[in-house]
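**Student:** Whatever this is, show me its structure:
(2 chains)
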Amino acid sequence: MLNKSRYLNSRPRINSRTHVANSCAWMLSEATKLLLLSLLIWPVFEFQAICFADDSAGEEAFFQERIRPIFETKCYACHGPKIQKSGYRLDVREIAMAGGDQGEPPIVPGKSAASQLLKFVSDANSDLVMPPKDSNLPRLTAEEISSLQRWMDAGALWPDSANKKLDDPLKWWSFQPLPKLEPAIERSQAIDHFVNIQLAGKGLTKSQPVDSRTLARRLYFDLIGLPPKPEELDDFERESSVDAEGALNQLVEQLLASPRYGERWARHWLDVVHYGDTHGYDKDKQRPNAWPYRDYVIRAFNEDKPYAQFVEEQIAGDVVRPGTSDGIEALGFIAAGPWDFIGHAEVPETKTDGKIARHLDRDDMVSNTIGTFCSATVHCAQCHQHKFDPISQEDYYSLHAVFSALDRTDRKYYRDETVQRRILELERLKSETSHSLRQIEEPLIPLAGEEYTSLTKRIEKASAPSEEKSNPGPEFGYHSAIASTQDQEKWVQVDLGERTEIQRVTLLPCYDDFNAIGAGFGFPIRFKIEASDDPEFKTGVKLFWRKHDVTFMADFKNNGLQPFTTNSAKDDGIAGRYVRVTASKLATRKEDYILALSELQVFDSADKNIALGRSVTALDSIEAAPRWQKTNLTDGIAPTATSKEDKAQLVQERENLLEKSMDEASKAKRRLLMSELAGLSAELKQMPAPNVVYAGGIHQGSGAFGGTGAVGGKPRPIFLLARGQVTQPGREVTPGALSFLAFQRSRFELQPEAGEGQRRVLLAKWITDPANPLTWRSIVNRVWQYHFGRGFVDSPNDLGHNGGLPSHPELLDWLATDFRDRGGSIKDLHRLIVKSATYRQSSESNTTGETLDSNNTLLWRQNRRRLEAEAIRDSVLAVSGKLDISMGGPGWQDFVIEHPEHSPHYEYGLADPDDPKTWRRSVYRFIVRSQTQPWMTSLDCADPSMRVDKRNESLSAIQALALLNNGFMLSQSKHFAARVEKEYTDIPSQVERACRLALGVGPSESDREQMIQFARTNGMSYLCRVLLNLNAFTFVD
Amino acid sequence: MPSRRTFLFESGSGLGGIALASMLASNGELTAQEGANSSDTISRNRDAGLHHPAKAKRVVQFFMSGAASHIDLFDYKEQLVKRDGAPSDFGEPVEAFQNGLGPWMKPIWDFKPYGDCGKLLSETVAPLGSVADDIAFVHNMVSKSGVHSTATLLQSTGFLLPGFPGAGCWVSYGLGSINENLPSFVVLPDHRGFGSNGVKNWDSAFLPAQHAGTIIYPGRPDPIADLFPHRAGSYVTASGEQQSQALMSRLNREHASTRAGDARLEGRIRSYELAAKMQLAAPEALDFASESEHAMRLYGLERGAQDWGKEINSDEETFHFGQKCLAARRLLERGVRFVQIWSGNDNGFPRRNWDSHEDVRRDHGPLAMGMARGCAAFIQDLKQRGMLEDTLILWTTEFGRMPSSQGGKGRDHNPFVFTNWLCGGGIKGGVTHGESDAWGYKPLDRDNPTQVYDIHATILHQLGIDHTKLTYRNNGIDRRLTDVHGRVLHELIA
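**Tutor:** As a prediction, this is how the structure comes out:
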């Protein structure tokens, strides 16, 4: 069967852009050329009839009568108004001419021989023939083919009357500038004003205002994510009956001022940015330093940080807010998503798999940034132009260029800003003092002459890490037989005499000047170390695994004479009578390969080398005594580094030399400066250890994961990738943003000396530009959704063509403009929303509403809301009385980690479900990506691998079982019962109290009797479990 | 916010299901908008609402975690036997994961022909010889990645990144459940732990949570998480459970009665009723007591659990894999749609998966023998019960292994070619589709390999689903299991 996409892909992929330009340039306006250059597949409006204007009516008729019918009958099925395979269509002139997603131009006016379309329809023998062989469509007749040929050669005239016009994608509502506010509308009435107009248009009216208790419960969950205490409900009800507006104002202010507010709303934000505490993918390693970002977000909401500042800090806080901890912690945003550890740490950037890993990593940064702040689906333009929105592939890769210097990495900073400032100050003083010192010393150095230079060299040498020297005696070590290939396996082992618990194993390298190799001679490139009681190593083999990844799974760097130690530990339980070193990749000798070791040391738990003098066996050995023989491996003789000259003494000598040529005044001044310098260094040394946050930054790495640290954070070049394939790089692109939004230059102007941070600053400023039409609509739509269960646009991550039209376009624009113009206060937006009559209406249904607007799109009532996983969990803890409200810091863990050394297994089932450490709010949970918390997941908790703009709401038996039977629920039911039993002595009062705590109201008379009866028979814990499973607990009216 | 779907659901019985399926059929597509209210745990009438008549009702996916060697199991390469030990020459630069490209290494085990089709199989998978005539081998699979995590995601979800639903989720979402008392998509992990990416391979991602794979550990006292009360709930009793269900039902219905028009309230009440039913149905489905001695022997379970010793061995592998296969058959009989069976856990040491960098014989030997016995028994058993014709089986792994040796006895990753096989559910038996080249290094026809999209498209096709029409909108894209790719492998369809 002919696979169309494969067919197109296999066409020769000469640079299609250049080709289009070459073949069409003679007849296209500059504007049109530019558009074609960027390979737009949406219509080119300026195109018009520039090229064809002078053709006769006869040609027009020819197209209408002979050509168009061919397209309609033979092509439209796959390339017409309904379906556009490979983005190609023959009903729109501009696309028909320019081509689809890729490839050469299908129609070249005046040159049928150069027109791909003609080739496809005429070559019957080709697998690529059109219509495809396996379609029902008949092939083109010879006459039809010759008509096409004639038409193309005559200039391919395509009259306007036969051209389908597409809607201008730039006219989409969310791409339009925000309107000016209508001053006539009273601000506090704006929401109801717009909602009422739309309701009236449909013949609907708002529902009744909700009663005060229900309103309070709604506000508590909406704003702080916790249930109100019964007393708080009583108070609010009482105060409302006196002064409804006053009581409401007071409650809203109280809730917005509560630290619980930031915890609630930060969780929404963390959904969107897909925050997690592990990397995800294979080996799912922990990120112990991710949490400062989570705390930053909580703080930002609690402080009501102006939204523009909140945005800018997360993209470029290090540059826009230097010296602040917020500026660094906020960058956790860039690193929030998953990270492919193996794809980075084990595969270098030079390999295809390494390139893919880094490309996908940046894709996540780009999608997260533009998806979160602009609600645009830029990731759709990775392989081709965006199919629905006017986002070009070049825009997408320009955004890659913004982040191309970065990796996800640990960043050091000082959370204590006084310390941070003091350190900056100390560093400044140190640099100044050093400068003054140099000013005194520099003129004197030439006077000190040769001797000074020589002493400096000796000092440098004494500071160098390792020195090499030949062997202390003639016994070099063990040397395998010589192999002709490098991957021949060789082993050598020691017999410890009896089974022993092993603490660690150390290998000492050899020294041999043969072939000028010297230190590290014969040390294997890949090897493993194992212990066993079986001299054949067939059974009971224990691997020293702690460094296995670096010695066996990857090439191990030759470190000269530096000893290699396995770093094993007692709790690994590695024991055995024999210890074997197996090399799987041998060291190069000349044009051949060997394994050589000077010493194999095995240390027991008393840290004693128990291999000393023990017998050695090997697969083979050259046995060239005395230099090379097996027994040398345990003879305690190994080459050592030269003992270094006494550095301190050399420094003193140089000091004396320098002072000789100095007058007393200079000497005194210099001594003063030096003591100042020492003082500064000492103070710096005494500064606390820096804080660390996992964030976007310049990674200073080694091995496969080097990052850009080694080149001073220079951004990696970014190329436009044909079809998103790293193996098909096209031209290099420069940093920029979305070019179809014309409010600002979309390709950034960077000074040549600008650091990489400047790219991020420009992107941040582009996003927060007051004229950016997406940013302000995006955030207002998100906030609205969390208050109503549904945004104006029901896809908060997509305000583009696929996201649909807003339910209340004018209101959304009004709110966005108001929010922007009043400084981006989210708390103020909450006030506006929750005090509106629209928010305060009942969630009860009515027949008129159901008939006219069953989905409640127009808001003729409030929506009944189901609590999210976190809100359920926090509420359970709140009513049981166990909620621990301590804030911040590393996440609490409700799992036990098994096999931490390689791929951690996060075992939730093994944890104590009643561990008080886990009684903190859910936002502080340690979020594992590969093994999501099963209980939370069953309640539709956000998947930290995905950017979640809206939680799913599912119902299933598995979810019911989780709420009934999970250890957490059953333990908390007990605590809940213990609480009410402590507060009241009789069962009826306990039942009343439990209902009021969990549901906000006491039971009805008939229910009360049933519940009391149930509690008497089955116990209060059992009843509390029932209450926590009720619909009334989970839903908020 | 009730939607059409939930109103239909509210109408309760199977009738609602048929109505829904028919309505979807009249739209011609099984699609949904993001955020559609999703309490649609509906038994849908088979074939009603499908894109075309289905040949298969159920799917079983065997996943060998760590990358099983096609060369040592299924894809015989005579050249490697001839050139064993000679320096490997691929005729082009090769990027291997660990650069482990030693000399050519012949298959670790001898190959023999089996069945009427004469398929050559390695002696370490010899039990599969008995069903060779039922199997269709695909030897020209290619991956897009040589890294375990991303390559595993590609085979399990169709995407290299985490955050996409597993194939089983899509099937559950598209077809719904046959028996609401059991989950529609079940995952039977390796008893030692999860493979690469853990639950990301079967998470529902953007699909509603009820379509996520439910983890079941056959043979454990708690086979499904939270199926029974945790020991912290010592106060929970059998009689109490009955009273508690009655009380909850009463209170919830009272609550719902004053809140008309919200289908979720009734849906949630029903989910608790289903939970109670699942507490009965799941243990029954996993209880092997009613299995005949013949069946227990067939699956290698007659001796029961033993002290297997510390070293990896084929008896232990046979027991654990067989247990999962038998549990799978029982679950499928009872209406589970999709079962995913894993062999091998993550890449820890000592090796307990298929990632044989160091020693193919040591790891592949026992794992393959256990897998082959279990798979062969499973296929024979389904056949005897007449279930093979509408149960589609897929055997897969994330990629293959190199024809050259690594460190003498191991093999490095080979994402350039590997093997899948399919069986049952309207798939031709005794055939081979697509070949690898003389070395088993790349597809013979490099321009026309088979990809996971084609396999997934074929599976959906057999289930009556057009893979281009089963979509769900997420972050601006109508997502499909097959992304923008996929070709139904008509050559494999009987």
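**Student:** Would you indicate which residues of the host helix or strand of A:Ala61 are buried?
**Tutor:** Secondary structure from DSSP states H and E places A:Ala61 in helix A:57-62. Of all the residues in helix A:57-62, those buried under the rule 16 or more other CB atoms under 10 Å in any protein chain shown are A:Glu59, A:Glu60, A:Phe62. Just so you know, the C-beta spots here come from the backbone N, C-alpha and C atoms, and that holds for glycine as well.
**Student:** Just say helix, strand or coil for A:Ala871.
**Tutor:** helix (DSSP: H, G, I helix; E, B strand; the rest coil).
**Student:** ok, and the closest non-adjacent residue to it?
**Tutor:** Take A:Ala871 and drop its neighbours on the chain: the residue closest to it by CB to CB, 6 or more residues apart in numbering or on different chains is A:Gly225, 4.8 Å away.
**Student:** ditto for A:Asn163
**Tutor:** Nearest residue to A:Asn163 in three dimensions, chain neighbours excluded: A:Arg93, at 4.4 Å (CB to CB, 6+ apart).
**Student:** What does that neighbour show for phi and psi?
**Tutor:** Phi and psi for A:Arg93, reported as degrees, to the nearest 10, are phi -60, psi -50.
**Student:** follow-up on the earlier one: mind giving me the packing neighbours of the helix holding A:Ala61?
**Tutor:** When contacts are defined as 3 or more CB pairs under 8 Å, 6 or more residues apart in numbering or on different chains; DSSP states H and E, helix A:57-62 packs onto helix A:142-153.
**Student:** which strands and helices sit next to the helix or strand that comes right after the helix it packs on?
**Tutor:** Downstream of helix A:142-153, the first helix or strand assigned by DSSP H and E is helix A:190-201. On a contact count with 3+ CB pairs under 8 Å, 6+ apart, helix A:190-201 meets helix A:809-821, helix A:826-834, helix A:837-840.
**Student:** does the helix or strand that helix A:190-201 is followed by come close to chain B?
**Tutor:** Next helix or strand after helix A:190-201 toward the C-terminus (DSSP H and E): helix A:212-224. No: if you take CB under 8 Å from any CB of the partner chain as the test, helix A:212-224 misses chain B, and the best it gets is 11.7 Å.
**Student:** Got the domain ranges for the chain?
**Tutor:** As the question left the chain open, I've gone with chain A. A:4-166, A:190-208+A:785-866, A:211-257, A:306-413+A:693-768, A:427-466+A:645-686, A:478-634, A:968-1036 (automatic domain parsing).
**Student:** I was after chain B.
**Tutor:** According to automatic domain parsing, the domains of chain B span B:1-46, B:50-237+B:292-492.
**Student:** now, of those domains, which is deepest in the fold?
**Tutor:** domain B:50-237+B:292-492 (a mean of 22; mean count of other CB atoms under 10 Å in any protein chain shown).
**Student:** ok, back up a step: wait, isn't the residue nearest to A:Ala871 in contact with A:His268?
**Tutor:** No: if you go by CB atoms under 8 Å, A:Gly225 and A:His268 don't touch, sitting 9.5 Å apart.
**Student:** Quick check on those two: which one has the bigger neighbour count.
**Tutor:** Neighbours per residue (other CB atoms under 10 Å in any protein chain shown) separate A:Gly225 from A:His268, with A:Gly225 holding more: 25 against 22.
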